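show me the folded form of this:
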Amino acid sequence: MAFEVLPGTGLALPRGAGVLRFGGSEREARWAVATVADVRGTWVCGTGWAFTARYEGLDLLAYGDCPDRLGRAGHDRHGLAAVHLRRYGSEPTGPAAVPVVLRDVDLFGYPAAEVLEALGPGPYPGVTVPRAASPTGHYLPEVRLAAP
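Residues are numbered from 1 along each chain as shown. From the prediction side, this is the model:
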């Protein structure tokens, strides 16, 4: 029962619900997430669609169909463009209820300093985790995934 970050591909959902694949349609993404959580529409500036869901202490935001902001032909992102997983509530000071795994490292399961050290420099295409020094004992609050 874990989320798995798949750099350059997307996000594997818990309980065998499938994979949110970059470039996938809104319908495919909503359907997959709806098998594990209630999906609610939302708005993100500059996107064609967006939705959120909550799952065991995590907020998931997915959005897609993003036109190029400079109007360049061939730079539009059709389908799923990004997924953000964020812990809700106050500053996290303990492990999350559900693992969020990147290359066998639980991003929300250990203090931020330990996680960042275990991850090393990467590369992790399209994956963003906070790199700022966190106080001892604090846990990562979020991870962001974007289509390459």
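
so which helix or strand takes in Arg27?
Assigned by DSSP states H and E, Arg27 belongs to helix 26-34.

list the buried residues in that helix.
By neighbour count on 16 or more other CB atoms under 10 Å, the buried set for helix 26-34 is 26, 28-30, 32-33. Heads up, the C-betas are built off the backbone N, CA and C, glycines and all.

pLDDT of stretch 113-133, averaged?
What stretch 113-133 shows for mean pLDDT is 86.

restricting to C-alpha, output that stretch in PDB.
Below are the C-alpha coordinates for stretch 113-133, written out as PDB (Å, rounded to 0.1, in the frame of the first residue of the first chain):
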ATOM      1  CA  ALA A 113      18.000  15.100   6.100                       C
ATOM      2  CA  GLU A 114      18.200  11.200   6.100                       C
ATOM      3  CA  VAL A 115      16.000  11.000   3.000                       C
ATOM      4  CA  LEU A 116      17.900  13.600   1.000                       C
ATOM      5  CA  GLU A 117      21.200  11.900   1.900                       C
ATOM      6  CA  ALA A 118      19.900   8.500   0.900                       C
ATOM      7  CA  LEU A 119      18.600   9.900  -2.400                       C
ATOM      8  CA  GLY A 120      21.900  11.400  -3.300                       C
ATOM      9  CA  PRO A 121      22.200  13.800  -6.300                       C
ATOM     10  CA  GLY A 122      20.000  11.800  -8.700                       C
ATOM     11  CA  PRO A 123      19.200  12.100 -11.500                       C
ATOM     12  CA  TYR A 124      15.500  11.900 -11.000                       C
ATOM     13  CA  PRO A 125      14.000  13.500 -14.200                       C
ATOM     14  CA  GLY A 126      11.000  15.600 -13.400                       C
ATOM     15  CA  VAL A 127      11.000  14.900  -9.600                       C
ATOM     16  CA  THR A 128      11.300  17.800  -7.200                       C
ATOM     17  CA  VAL A 129      11.800  17.400  -3.500                       C
ATOM     18  CA  PRO A 130      12.600  20.200  -1.200                       C
ATOM     19  CA  ARG A 131      16.400  20.400  -0.900                       C
ATOM     20  CA  ALA A 132      16.600  23.200   1.700                       C
ATOM     21  CA  ALA A 133      18.200  22.200   4.900                       C
END
